[in-house]
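Engineer: Provided below for reference: sequence and predicted model.
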There are 2 protein chains.
Amino acid sequence: MHMSSVSIKEVAARAGVSPGTVSNVLNRPEKVAESTRSRVEEAIRDLGFVRHGSASSLRAGHSRTVGLSVIDIGNPFFTDVAAGVEEVASERGYAVILGNSSGDRLKEERNLLVFAEQRVRGVLITPAGANLAKLDQLKERGISVVLVDHPAERADQCSVAVNDITGGSLAVSHLLSTGAERIAYVTGPLTIRQCADRLIGAERALAAAGRDPGEALEEIAMSAMNARSGQQAAEKMIAGGRLPDAVFCANDLLALGMLRGLLQAGVRVPRDVSLIGYDDIDFASASTVSLSSIRQPTHRLGRVATELLLDECDNPDSHAHQQIMFQPELVIRESTL
Amino acid sequence: MHMSSVSIKEVAARAGVSPGTVSNVLNRPEKVAESTRSRVEEAIRDLGFVRHGSASSLRAGHSRTVGLSVIDIGNPFFTDVAAGVEEVASERGYAVILGNSSGDRLKEERNLLVFAEQRVRGVLITPAGANLAKLDQLKERGISVVLVDHPAERADQCSVAVNDITGGSLAVSHLLSTGAERIAYVTGPLTIRQCADRLIGAERALAAAGRDPGEALEEIAMSAMNARSGQQAAEKMIAGGRLPDAVFCANDLLALGMLRGLLQAGVRVPRDVSLIGYDDIDFASASTVSLSSIRQPTHRLGRVATELLLDECDNPDSHAHQQIMFQPELVIRESTL
DNA sequence: GATCTTCTTAAAAACGTTTTAACGACGATG
DNA sequence: CATCGTCGTTAAAACGTTTTTAAGAAGATC
């Protein structure tokens, strides 16, 4: 009853076979005769045996776990990604070890160490610091790595990302099409690749429309990318006097804060100022003035990344590394007109 | 560099000691002389050794991982809990294995099986199905279990929860204090304990104020608890004719949907109808008419649950099981007046 | 009836760590 | 001088699987 931890040995004894046979039933059922197999399966059920993962991976040389390191588990974007990852992993019988780097390079490094200790089969990571070297060390250890929401620079690495330049362009061309002349880009630190890329896209859209980006676009960079920062940005903008015709926020949390800040100050959206966010999180459509946004296939991102990773693990020979780039999509709602 | 797995043996060889000594340096540094210890530590660094978790837990009989099974990783409430869990686990060098039950009993069961295979040290779970028996099986296997957001019925079990009856009372007495006569309770399935308890609290508050709950309270039960359902509830309410004075939603996602539904129909909040939600998720304060809500110490829930769990694991003898019940808190914002 | 296949099963050797019991060295104690 | 702890270290035995190699049984071929 207590601490019993039924082992393969006891199963074997009860079924009247050797431990090796039980192992075969577990891992290569087709190799063992029908009659003995059912006898063993019955013994497993009767004794409530569950395979010892540690012993198994120690001997087999690989575990059935993957590591997932995200930048902010509190952001619905990453939550959706995580849900996709968990889905696929669970379908294939893999366990997901979760690590939250909080954008902190040290914390990220610690997560990777934990993953290495657990001898995970592979790692899914949205890199926060530029821990590229650490990732290479993992690969030397035989741990596959897939970059999530971050295109790989090298061809020997899988990655899944969404084109942020296109996304930035989509957002800004849409704003231009509503008649906006002066546009503000509210963003997080431009050291974050996503923020920088979306800016590039924005500038391209302006250039393509024959505007001077330096003239038509004002950047407002905040240190965080949450609703609070968005509202602060709104206050800053309003205090600054002349409002832009439209605001493009680098993510929906910023945009929701911006929306609130504007409305509180009596600025009508979209009448006075148009507003567009990025990510199309669930709450974007639920806000009172529903938010136009750039949709990313978030859930899909997680799913595909995991499929890629597990394919690399299960078919190391036939596996071809892929750098997948999804295209974002414009979603027009009430906040732009 | 080297393809893989530097073992404790090679470290021992390089440091000129036995494997046992290396293990001691790793696990009981105080037992080994200063001089040899530093020699070993140097060898570990030089060789880039990282301990093999599987081998370690196989021999030691316990791992450094905990399992976390939540009902909906997409709900900010659970995300906050998960963040708290991850924080504490990470501080103590534990890895978190994430499972998402999606409210599905079968999926939950599968998660528990994965946890059992991985021989996690303990399990944190917000039960979805009534898999109590399964949980007992885990305990028989020596795996501690802490219930999260669900009070334990028995004294031999740790649990962390928030008093939902009190929460329901808080919400409804506040609505009454604003002068509301007729109140609608928009909820998920009443089979969900949280929903049922909040209803009980609501009725108590009415009774305490001398009202007849059957008269003053109308229940609107939806099958899901997201923003979409909230908006549907609003449409239903509006189509039904006579509006209540106030609406109490069983969670903030429902409330946000309700808010949108009301405003779209030209119903002013809080002028015509007061509205209060539950959970106080971040987006509650970011919505245009900011949402009054019942705050739960969500992050804390995750932290305390994990501390309890790890205490039970690390000090099995001195550990006293606790059923912790937090008190919720009323947060008044613009949606109630 | 002996020899060769084929198909199953058994036996044993790993995997990398932790742990126990034993050991030698060295002072301190009687 | 013998005895006793103490301290730091080691050798070797686990832990529960998987995998490889060998062996046994049944059936087919000559």
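Structural biologist: Received it, and whenever you're ready, just let me know what you need. Numbers count the residues shown, from 1 in each chain, chains lettered A, B, ... in the order given.
Engineer: okay, CA-based contacts and neighbour counts for the rest of this
Structural biologist: Fine.
Engineer: tell me where the stretch 201-337 of chain A has strands.
Structural biologist: A:217-221, A:246-249, A:274-276, A:293-295, A:323-326, A:329-331 (DSSP state E, counting those that start in this stretch).
Engineer: show me how far the second one is from its chain's centre.
Structural biologist: Relative to its chain's centre, strand A:246-249 lies at 24 Å (CA atoms, centre = their mean, to the nearest Å).
Engineer: cool, the last one as well?
Structural biologist: With CA atoms, centre = their mean as the basis, the distance from the averaged C-alpha position of strand A:329-331 to the chain average is 19 Å.
Engineer: next: the longest one.
Structural biologist: In terms of CA atoms, centre = their mean, the centre of strand A:217-221 is found 26 Å from the chain centre.
Engineer: report the buried residues of it.
Structural biologist: Neighbour-count burial for strand A:217-221 flags A:L217, A:I220, A:A221 (criterion: 16 or more other CA atoms under 10 Å in any protein chain shown).
Engineer: partner strands of it and their direction?
Structural biologist: Looking at strand A:217-221 with DSSP bridges, its partner strands are strand A:183-187 (parallel).
Engineer: what does the second one give?
Structural biologist: When pairs are called by DSSP bridges, strand A:246-249 turns out to pair with strand A:183-187 (parallel), strand A:274-276 (parallel).
Engineer: what's that strand in contact with?
Structural biologist: A:171-172, A:175, A:180-187, A:255, A:273-278 (CA atoms under 8 Å, 6 or more residues apart in numbering or on different chains).
Engineer: need the winner for burial among the strands of the stretch 201-337 of chain A.
Structural biologist: Burial of those is given as mean neighbour count (mean count of other CA atoms under 10 Å in any protein chain shown); strand A:274-276 ranks first at a mean of 30.
Engineer: off-centre distance for that one?
Structural biologist: Here strand A:274-276 is found 25 Å from its chain centre; the criterion is CA atoms, centre = their mean.
Engineer: contacts only, for the most centrally placed residue in chain A.
Structural biologist: Closest to where the C-alpha atoms of chain A average out (CA atoms, centre = their mean) is A:V81, at 4.0 Å. A:V81 is in contact with A:T298, A:H299, A:R300, A:L301, A:G302, A:R303, counting by CA under 8 Å, 6+ apart.
Engineer: let's have those residues in CSV, adding neighbour count and pLDDT.
Structural biologist: CSV is the format used below for those (neighbours: other CA atoms under 10 Å in any protein chain shown; pLDDT from 0 to 100):
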residue, neighbour count, pLDDT
A:T298, 25, 97
A:H299, 18, 97
A:R300, 17, 98
A:L301, 26, 98
A:G302, 25, 98
A:R303, 23, 98
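Engineer: for those, give me TSV that also has distance to chain B.
Structural biologist: Formatted as TSV, the contacts of A:V81 follow (distance: CA to the nearest CA, whole Å):
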residue	distance to chain B
A:T298	12
A:H299	11
A:R300	14
A:L301	15
A:G302	13
A:R303	14
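Engineer: wait, doesn't A:E219 sit right on A:T187?
Structural biologist: Yes - A:E219 is in contact with A:T187 according to CA atoms under 8 Å; the separation is 7.5 Å.
Engineer: show the pLDDT at the residue lying closest to A:R37 once chain neighbours are set aside.
Structural biologist: Nearest residue to A:R37, sequence neighbours excluded (CA to CA, 6 or more residues apart in numbering or on different chains): A:V25, at 6.1 Å. As predicted, A:V25 sits at a pLDDT of 93.
Engineer: same deal with the one 5 residues further on?
Structural biologist: The predicted local confidence for A:E30 comes out at a pLDDT of 87.
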